[in-house]
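*Asks:* requesting a structural model of the entry that follows:
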Amino acid sequence: MFMLAWAVTVGYFGQILPTKAITAGPALSFLGGDCVFNSITYSLAAGITDDYVLRASYFGYMSSITYVVNLLGPALASASMTLLLWLPFWIGITLLVIAIPIISLLPDHNMAKDHRDEQSQPLLSSPLLKAQDSGPTILQSAIDRFRSLRAVLASHPRNFSLLLACFLLASLASSDTKLLVQYISKRYRWTFASAGYLLSGKAVVNFVLLTVVVPRVLRSAVAGGSGSPPGASDRVNSRFAKLCFGVSVLGAAAIAVSATIWVLVPALLVYALGSALPIFTLSLLKSPAICSSGTDDRAGEDRGAPPPGADAETHVFSIVMLVKTLGSLLGAPLMAFLWVRGIGLGGAALGMPYFVSAGCYAAAIFIFCRIRIE
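*Replies:* Model (predicted):
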């Protein structure tokens, strides 16, 4: 909300504030924004149930909404901007204000912990009580959090580092999605509105795939297996993740070489099939082969007290979302550079961002195949 409001403020007071002041909004996004919000929401979804099919369904619902918004957002913003220049910003601020009371309905996993802490508080005034009343500063809390995340990362098995590399490459490669409207408009001489209608079809495919097809396929895989041997769900997630990586390579490469719009349409559909990748990679974070159960307890001992299970999951998802955010930060300027370079060369070079995206997915497959799940 601050970033949108700050952009409106800089634009409205353009005579007083320099244009470069608008960068203060994104620069302060590390205090909140998508990275922090996603790490909390995905960790909450992961802790709701131990049924990996139901958990995958939750991830699918969340990912489908993200894909739909990312695909339709630019087109809707450009359409609303034709009515009023500041309308997209005001719509965004309004939606975020509506989200505030909804967030308050999320379950608080720290309530039980706070209740236990109250039972252990000293009843009389003491130096310990005074020290607790003072509390750590914001800077000290941030330093402790980063130390905790570093300890978690160092103590997890090698598979976790390999999976983080896959998250980084996948996030970097998926940055090409933001160029689809410009790519279709420039290469095939379509208007932004027409490109938005085409991408709305891709958004529908993504939504149906993530909310209907993937959960049913997982249930069929469970029903078709004999019993539930240990690690069966991890092997299923690993197998489908490899399939999604492969489909993403084919889809990105097909988009890059699509000479006509009629070739692009099936290429977009193939690329959409790879959108289920986050469901399986995020589900693997619950696997003992990826994240040791006692890891965060050891990290907590370095700080003096082991964190609860919910906090341990939050640590893991915080690291993952930081890596995904880093991939997006690297991918956005990289894809923009390749896009500008492709425009300068013309012709098939317009597909350079998608060739690079296919290469990133291919590298992710190579790394992912080195993850050993027993």
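*Asks:* which residue ranges of the stretch 1-150 of the chain form helices?
*Replies:* 2-12, 24-27, 33-48, 52-83, 87-103, 111-119, 127-134, 138-155 (DSSP state H, counting those that start in this stretch).
*Asks:* low-confidence regions, the chain specifically.
*Replies:* Filtered on pLDDT under 70, the chain yields the residue ranges 25-36, 52, 71, 106-142, 145-146, 148-149, 152-156, 222-231, 292-314, 374.
*Asks:* residue 316 contacts residue 287, doesn't it?
*Replies:* No - applying C-beta atoms under 8 Å, one finds residue 316 not in contact with residue 287, separated by 11.2 Å. Yep, even glycine has a C-beta here, placed from its N, CA and C like the rest.
*Asks:* quick check: longest helix in the protein by residues?
*Replies:* helix 309-345 (DSSP state H).
*Asks:* mind listing what the nearest residue to residue 168 once chain neighbours are set aside touches?
*Replies:* Using C-beta to C-beta, 6 or more residues apart in numbering and skipping residues adjacent in sequence, the residue nearest residue 168 is residue 327, 4.6 Å away. Applying C-beta atoms under 8 Å, 6 or more residues apart in numbering to residue 327 gives the contacts 167, 168, 169, 170, 171, 172, 175.
*Asks:* residue 182 now?
*Replies:* Neighbouring residues of residue 182 by C-beta under 8 Å, 6+ apart: residue 339.
*Asks:* quickly find the element holding it.
*Replies:* Under the criterion of DSSP states H and E, residue 182 resides in helix 180-188.
*Asks:* again, but for residue 262
*Replies:* Assigned by DSSP H and E, residue 262 belongs to helix 261-273.
*Asks:* separation between residue 203 and residue 256?
*Replies:* Distance, residue 203 to residue 256, using C-beta to C-beta, to the nearest Å: 21 Å.
*Asks:* now the strands for the stretch 151-300 of the chain?
*Replies:* With DSSP state E, counting those that start in this stretch applied, the stretch 151-300 of the chain shows no strands anywhere along its length.
*Asks:* show me the helices in it, by range?
*Replies:* Going by DSSP H, counting those that start in this stretch, the stretch 151-300 of the chain shows helices at 158-173, 180-188, 192-208, 214-224, 232-257, 261-273, 277-283, 295-303.
*Asks:* can I get the second one in PDB, CA atoms only?
*Replies:* Extracted in PDB, the C-alpha atoms of helix 180-188 (Å, rounded to 0.1, in the frame of the first residue of the first chain):
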ATOM      1  CA  LEU A 180       3.900 -11.200 -22.800                       C
ATOM      2  CA  VAL A 181       1.600  -8.300 -23.600                       C
ATOM      3  CA  GLN A 182       4.500  -6.200 -25.100                       C
ATOM      4  CA  TYR A 183       5.800  -9.300 -26.900                       C
ATOM      5  CA  ILE A 184       2.400 -10.100 -28.500                       C
ATOM      6  CA  SER A 185       1.800  -6.400 -29.400                       C
ATOM      7  CA  LYS A 186       5.200  -5.900 -31.000                       C
ATOM      8  CA  ARG A 187       5.800  -9.200 -32.800                       C
ATOM      9  CA  TYR A 188       2.300  -9.800 -34.100                       C
END
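*Asks:* just to revisit the earlier point, could you dump the following helix or strand past the longest helix of the chain to CSV, C-alpha only?
*Replies:* Proceeding N to C from helix 309-345, the next assigned helix or strand is helix 352-368, under DSSP H and E. Only the C-alpha atoms of helix 352-368 are listed here, as CSV (Å, rounded to 0.1, in the frame of the first residue of the first chain):
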residue,chain,number,x,y,z
MET,A,352,15.4,-13.7,-26.9
PRO,A,353,13.8,-13.4,-23.4
TYR,A,354,12.0,-16.7,-23.9
PHE,A,355,15.1,-18.4,-25.2
VAL,A,356,16.9,-17.4,-22.0
SER,A,357,13.8,-18.5,-20.0
ALA,A,358,13.9,-21.9,-21.6
GLY,A,359,17.6,-22.1,-20.8
CYS,A,360,16.9,-21.3,-17.1
TYR,A,361,14.3,-23.9,-16.9
ALA,A,362,16.7,-26.5,-18.5
ALA,A,363,19.4,-25.6,-15.9
ALA,A,364,16.8,-26.0,-13.2
ILE,A,365,16.0,-29.5,-14.4
PHE,A,366,19.6,-30.4,-14.3
ILE,A,367,19.9,-29.2,-10.7
PHE,A,368,16.6,-30.7,-9.6
